[in-house]
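> here's a sequence, model it:
(chains A and B)
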2 protein chains.
Amino acid sequence: MSLIKLSAVEEKEMVPGFWGRFVHTDNVTLVYWRVESGAALPEHAHRHEQITNLITGDFELTVAGQVIKMGKGEVVTIAPHVSHAGKAISDCYLIDVFYPAREDYR
Amino acid sequence: MSLIKLSAVEEKEMVPGFWGRFVHTDNVTLVYWRVESGAALPEHAHRHEQITNLITGDFELTVAGQVIKMGKGEVVTIAPHVSHAGKAISDCYLIDVFYPAREDYR
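Have a look, this model is predicted:
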């Protein structure tokens, strides 16, 4: 068992305007993203299943070419190897869940 | 890819005062819990790894007999088969992540 205070986890700017805090277990990685309005994540894909949870703000996710306007309390599931990109329409707080764990982020 | 509006997902009262919305993928289950102040989840264990995310409120989690007072923005990881129980100190919003998926909740 681990208790993690997110405020004590180092925040890393992974691309401009995307500030992430990372929690890894044996099986999954959770990323807590503070995203600045207007910041954009370029199109990419990975072998990990992803579940994106928009906690606050407005976010535009493009998955396999389909544009999805996400609002607070919306969730998008992305299958492995499917291309996706994102853009913050306002300041946002997002939680991404990845399976398996993101060894590239440890 | 699926876009899920949580407000459109049926909310189920799993134990008194614990109202959950469920999202399942092939590998993980996410549960979005609206918990009423004072509600208590009895001690239990399961084979699934669990990550509990407290989004708002104050929640007391007891893991393997250890009492953890969680505040907003805190995260607790619980290994498979470890006993745990919970009590809402105030109204709370929690997101639990389970691996593997909770077939018992589908």
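> only C-alpha atoms for contact and neighbour calcs from this point on.
Fine.
> for A:Gly57, what are phi and psi?
Backbone torsions of A:Gly57, given as degrees, to the nearest 10, read phi 100, psi -170.
> ok, it to A:Ile78 distance?
20 Å (CA to CA, to the nearest Å).
> the two: who's more crowded?
For A:Gly57 and A:Ile78, the more surrounded residue by other CA atoms under 10 Å in any protein chain shown is A:Ile78, and the numbers stand at 22 against 18.
> check contacts around that one.
Counting by CA atoms under 8 Å, 6 or more residues apart in numbering or on different chains, A:Ile78 touches A:49-51, A:63, B:1-2.
> ok, now with 6 Å
A:50, B:1 (CA atoms under 6 Å, 6 or more residues apart in numbering or on different chains).
> swap in A:Glu11?
By CA under 6 Å, 6+ apart, the residues touching A:Glu11 are A:19-21.
> at the contact with chain B, which residues of chain A appear?
Contacts of chain A with chain B, taken as CA under 6 Å from any CA of the partner chain, map to A:1-6, A:73-78.
> give me the neighbour count for A:Ser7.
10.
> quick check, central residue of chain A?
Among the residues of chain A, A:Asp96 comes closest to the average C-alpha position under CA atoms, centre = their mean, at 3.9 Å.
> tell me where chain A has strands.
Assigned by DSSP state E, the strands in chain A fall at A:2-5, A:12-15, A:18-24, A:29-35, A:40-44, A:49-56, A:59-63, A:66-70, A:74-78, A:84-88, A:92-99.
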